[in-house]
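Visitor: Pasting the sequence and the predicted coordinates here, then a few questions.
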Amino acid sequence: MDLTGADAGVFFDAPPNPKCIRVRVNQVVTFTNILQGFHYPEQTCGPVPGIFSLNVAGTGSATPTMAGDYGYECGIHGASFAGTIRVVP
Ligand SMILES: [Cu+2]
């Protein structure tokens, strides 16, 4: 889903909704936990490591600083929460 020029929000579910998004460099992607329990997105791949950070609610955000494809999944529950962020210049 093209979220360039929009609020880039993902509902963190199994799977995330939307599962694959497109955003621009330096656009902040926020993750909202819609399930019970503690879930947070953890980066699995991408051109720059460490773009994800936790927020106080235990979900998180991502700020990609370089174009490319970034994968993530739930740091606790793994691949059932997997999704992709495609970052364009
Ligand atoms: Cu989880």
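Guide: Yep, that arrived.
Visitor: and this structure, which residues reach the ion?
Guide: His39, Cys74, Ile76, His77 (Cβ under 5 Å from the ion). Just so you know, the C-beta spots here come from the backbone N, C-alpha and C atoms, and that holds for glycine as well.
Visitor: wait, what's in contact with the residue lying closest to Tyr72 once chain neighbours are set aside?
Guide: Spatial nearest neighbour of Tyr72, excluding adjacent residues (Cβ to Cβ, 6 or more residues apart in numbering): Pro41 at 4.3 Å. Counting by Cβ atoms under 8 Å, 6 or more residues apart in numbering, Pro41 makes contact with 10, 12, 16, 31, 52, 59-60, 62, 72-75, 81, 83.
Visitor: Name the member of these with the most neighbours.
Guide: Phe31 (28 neighbours; other Cβ atoms under 10 Å).
Visitor: Can I get the host helix or strand of it in CSV? Just the C-alpha atoms.
Guide: When elements are assigned from DSSP states H and E, Phe31 belongs to strand 29-33. C-alpha atoms of strand 29-33 as CSV (Å, rounded to 0.1, in the frame of the first residue of the first chain):
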residue,chain,number,x,y,z
VAL,A,29,6.1,4.6,10.4
THR,A,30,4.2,4.0,13.6
PHE,A,31,3.0,0.6,14.8
THR,A,32,-0.2,0.2,16.8
ASN,A,33,-0.8,-2.9,18.8
